[in-house]
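Visitor: Sharing a model that was predicted from the sequence below.
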Amino acid sequence: MAKFAANLTMLFTEVPFMERFAHAADAGFDAVEFLFPYDFDSGELAEQLAIHGLEQALFNMPPGNWDAGERGMAAIPGREAEFRANAEQALAYALALNCKKVHAMAGIVDSQYDYDAHRATFIDNLRWAADLYAEHGITIQIEPLNDRDVPGYFLAHQMEAVELVEAIDRANVKVQLDLYHAQIMDGDLSRLIAQMGQHIGHVQIASVPERHEPSEGELNYPHLFEVLDQHYDGYIGCEYKPRHSTAFGLGWVKPYLAK
Ligand SMILES: O=C(O)C(=O)[C@@H](O)CO
Ligand SMILES: [Mg+2]
């Protein structure tokens, strides 16, 4: 049975970040995810999770200079020391939040280097981080992003991510399958999910093409949840931009939260 995590970076933005935990719990969620916790004290975040009985499903390693357009550096040659420091910072937060999944963003390709250099850097960095995280039972996620929203991102296709996970060869590195990005770049989602199978480490959803509630747009999510049930049993992150208010748009998830 599909179970859902509220993405607090995109949902409940009507209230300040620290108040979103309460709103997610009141709406019936028992897990949350968000992009970045680093502006906040990990103890205060852990307290919000505990007060509201929420599980932290996922968050991202620091992405570099987000406002300048950076989207991580796991695959960027020359940024290895920064990647490792960021992985260590994220691990400290993951331990404080008892979070078992952390997303390592690959980065926007650097035109000074060819594909092979990026790929080798990505594999080395991910192996290093996976070994660091393994003793804590934490899985690192890698996520393909569509090239319309994030041009130049190192990773755009799901099976490319699967092939990289196999090359990285660590049991605690998996693919974060965001069905919004996957539909834009790959399509044929029922078959894709089956093909990816055990490599799926986390799932996120939104409508296509506008990234709103999954109840609209070109995807039939009730069907996709049934397909996912056969291959994945973790939380599904609700990573979408509410078309109106968050609460107004939650009708689609109520039947699942009530079960
Ligand atoms: O954009 C997405 O999709 C994500 O899941 C983020 O973690 C990366 O920007
Ligand atoms: Mg995503």
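Guide: That came through fine. Ligands and ions are numbered 1, 2, ... in the order given.
Visitor: Just the helices from the chain, written as ranges.
Guide: 20-27, 42-51, 80-97, 115-134, 158-168, 179-185, 189-196, 221-229, 254-257 (DSSP state H).
Visitor: how about the helix or strand of the chain with the lowest mean pLDDT: buried residues?
Guide: Least confident helix or strand of the chain, by mean pLDDT, DSSP states H and E, is helix 254-257 with a mean of 93. Of the residues in helix 254-257, none count as buried by neighbour count, 16 or more other C-beta atoms under 10 Å. For glycine as for every other residue, the C-beta is placed from the backbone atoms N, C-alpha and C.
Visitor: Begin at 43 from now on, thanks
Guide: Happy to do that; since the first residue is 43 now, the last one works out to helix 296-299.
Visitor: Restrict that helix to CA atoms and write it as PDB.
Guide: Only the C-alpha atoms of helix 296-299 are listed here, as PDB (Å, rounded to 0.1, in the frame of the first residue of the first chain):
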ATOM      1  CA  LYS A 296      -6.700  11.600   1.800                       C
ATOM      2  CA  PRO A 297      -7.900   8.000   0.900                       C
ATOM      3  CA  TYR A 298      -4.300   6.800   1.200                       C
ATOM      4  CA  LEU A 299      -3.600   8.500   4.500                       C
END
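Visitor: Show residues contacting that helix.
Guide: When contacts are defined by C-beta atoms under 8 Å, 6 or more residues apart in numbering, helix 296-299 is touched by residues 43-46, 69-71, 267.
Visitor: can you check stretch 184-204 too?
Guide: Outside stretch 184-204, the residues that touch it by C-beta under 8 Å, 6+ apart are 113, 116-118, 145-151, 160, 164, 168, 206-207, 215-220, 222-224, 226-228, 234, 237-238, 241, 246.
Visitor: and it, does that touch ligand 1?
Guide: Yes - using C-beta under 6 Å from any ligand atom, we find that stretch 184-204 touches ligand 1 at 185, 187.
Visitor: For the residue of the stretch 43-192 of the chain at minimum distance from ligand 2, which non-adjacent residue is closest in space?
Guide: Here the residue of the stretch 43-192 of the chain nearest ligand 2 is E185; by C-beta to the ion that distance is 5.6 Å. Closest residue in space to E185, ignoring its immediate chain neighbours: Q218 at 3.7 Å, by C-beta to C-beta, 6 or more residues apart in numbering.
Visitor: so where is the protein shaky, pLDDT-wise?
Guide: Judged by pLDDT under 70, the chain has its weakly predicted residues at 301.
Visitor: wait, what's in contact with the residue with the largest distance to the centre of the chain?
Guide: Relative to the C-alpha centroid of the chain, counting by C-alpha atoms, centre = their mean, Q154 is the outermost residue, at 28.1 Å. By C-beta under 8 Å, 6+ apart, the contact set of Q154 is P119.
Visitor: any idea how far A146 is from it?
Guide: As for Q154, its distance to A146 is 21 Å (criterion: C-beta to C-beta, to the nearest Å).
Visitor: near ligand 1, which residues of the stretch 93-242 of the chain show up?
Guide: Residues of the stretch 93-242 of the chain lying near ligand 1 (C-beta under 6 Å from any ligand atom): 102, 145, 147, 185, 187, 220, 223.
Visitor: Looking at those, spot the one nearest E86.
Guide: N102 (18.6 Å; C-beta to C-beta).
Visitor: number of nearby residues for the closest one?
Guide: 23 (other C-beta atoms under 10 Å).
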